[in-house]
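> have a look at this prediction, sequence included:
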Amino acid sequence: MAQPLNYLNESASQTAGPYVHIGLAPGAAGFDIYRTQLGEDIAGPDAPGERIRVEGVVMDGTGAPVKDVLLEVWQADAAGIYPHAEDPRVADCAPGFRGWGRVITDFDTGLWAFDTVKPGPVMGRNGQMMAPHVSFWLVARGINIGLSTRMYFEDEDNSADPVLNLVEQAPRRETLLARKVSPGLYRFDIRLQGDGETVFLDI
Amino acid sequence: MKPAEFYQRDRTSQPPALTPDYKTSVARSPRLAMLSLQGSMSEVTGPTFGHSDIDAIDNDLIRNYAKTGDPVGERIIVHGRVLDENGRGIPNTLVEIWQANAGGRYRHKKDTYLAPIDPNFGGCGRTLTDDQGYYYFRTVKPGAYPWRNWVNNWRPAHIHVSVFGTSFSQRLITQMYFEGDPLIAKCPIVATIPDPRAIDQLIAPLDLNAAIPLDCLAYKFDIILRGRRSTLFENRLEGN
Ligand SMILES: [Fe+2]
């Protein structure tokens, strides 16, 4: 027998279930309890950059919208700076920029949307720049462990992005691109399974 | 030593996406392999929260929605620490919980179970861990409730728990179960976890030492988030 390593093990995930809104967005569950609901304002009023709206639907393997999904997003500001102590440029992050949002669907249609500023490119590993992107995390009934993915923008130069280029089948990279619908409006649909299944990331 | 990437997630103790006995997972589970990514700045950072985001009463589910008196049910404290896999407490991290009332009914417009809503119970709470990673809530013990899967499935009593850690790659939602509940072994959602030791780690023991005599019982629940490597030798992680 060798010496024991004595690491602890990450707690196992369990589905967020159908009533996740009670805990994370009680307003959507239909009642008013907290002074503030978290994650409603990603960029704040004063952050510079292009103001955009992103909307979409999460679809299951039958093509039906997942009406009870809850999404969280995390992104850098327009200069590519995260509001986090480990970003070496954090002191220059846009004033009032939180970078994080909680996104609720319309329970009847499954459509979701959020408003933010378009992120800038972010320094990646080994000095390789990453194209502007928003990190996504999805939970819902039937999803046993939160699913991670990224959203890029079709109107940016994504050709040298080190993460997109890791996707072996080039056509699957398209699943990570938000489509420009009109100035300031992007569409990003996520497919959990089947034709056009979104690339999910084990981060 | 500088912090570097997080340890890879141990997928052998986490539930897989497809677990047919939990039927809803069948159409909602990706079928293609995930793309494994070494942590970059986008993964090692994450949202931070402060005391201006929440109120002190938010962690007291007995009082935070009380209208005419206390909610019905067994009064309990749920307390413990948020730790990483290296055993270090994670300070100032947001813990959010939600649960059914003592009768097993959720305050949610989509819950139609016949057990009644409790007018004095909202069913959600939130708090920040202290500088040692410690947290606590006061609530009532939730009831078991039936759900549509097989015709006679019942969820064991449980509290849903959401935790952030310091980075977006530590984000975790799980459920806390109660020691001694015979429904744990019958639950297809619990059974999505392939490793019995990982299931045990979600079962909170009765903690009589933390109970308040003549007032309320206590259960202890530690939550473990992914640990992190330290940079022992420089390996060109510029930008991290
Ligand atoms: Fe539940």
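Alright, I've got the coordinates. Numbering: from 1, shown residues only, chains lettered A, B, ... in the order given.
> all strands of chain B, in order?
In order along the chain, chain B carries the following strands (DSSP state E): B:2-6, B:35-36, B:75-84, B:94-98, B:124-128, B:134-140, B:145-147, B:153-155, B:158-163, B:172-178, B:203-204, B:217-220, B:223-225, B:228-231.
> which other helices and strands does the fourth one contact?
The elements that strand B:94-98 packs onto, with contact taken as 3 or more C-beta pairs under 8 Å, 6 or more residues apart in numbering or on different chains; DSSP states H and E, are helix A:20-24, strand B:124-128, strand B:134-140, strand B:158-163. C-beta: built from backbone N, CA, C; applies to glycine.
> neighbouring contacts of that strand?
A:19-20, A:22-24, A:38, B:49, B:53-54, B:61, B:78, B:82, B:106, B:123-129, B:135, B:137, B:139, B:159-164, B:223 (C-beta atoms under 8 Å, 6 or more residues apart in numbering or on different chains).
> relative to that strand, what are the paired strands and their orientations?
Using DSSP bridges, strand B:94-98 pairs in its sheet with strand B:124-128 (antiparallel), strand B:158-163 (antiparallel).
> and the closest residue to residue A:194 other than its chain neighbours, backbone torsions?
Nearest in space to residue A:194, with sequence neighbours left out and distances taken as C-beta to C-beta, 6 or more residues apart in numbering or on different chains, is residue A:61 at 4.7 Å. Per-residue torsions, residue A:61: phi -70, psi -20 (degrees, to the nearest 10).
> for residue B:38, what are its contacts?
By C-beta under 8 Å, 6+ apart, the residues touching residue B:38 are A:125, B:5.
> what is the neighbour count of residue A:36?
Close neighbours of residue A:36, defined as other C-beta atoms under 10 Å in any protein chain shown, add up to 12.
> hmm, I typed the wrong one, I wanted residue B:117.
Other residues near residue B:117 come to 15 when the count uses other C-beta under 10 Å.
> OK, contacts around it?
Residues in contact with residue B:117 (C-beta under 8 Å, 6+ apart) are B:101, B:105, B:107.
> please report how far the residue nearest the centre of chain B lies from residue A:36.
Nearest residue to the geometric centre of chain B (C-alpha atoms, centre = their mean): residue B:161, 2.2 Å. In this view, residue B:161 and residue A:36 are 20 Å apart by C-beta to C-beta, to the nearest Å.
> what about residue 163, neighbour count?
Looking at chain A here, since you left the chain open. 25.
> my question was about chain B, not that one.
Neighbours around residue B:163, by other C-beta under 10 Å: 22.
> tell me how many other residues crowd the residue lying closest to residue B:109 once chain neighbours are set aside.
Closest residue to residue B:109 apart from its sequence neighbours, by C-beta to C-beta, 6+ apart: residue A:30 at 4.2 Å. Using other C-beta under 10 Å, the number of residues around residue A:30 comes to 13.
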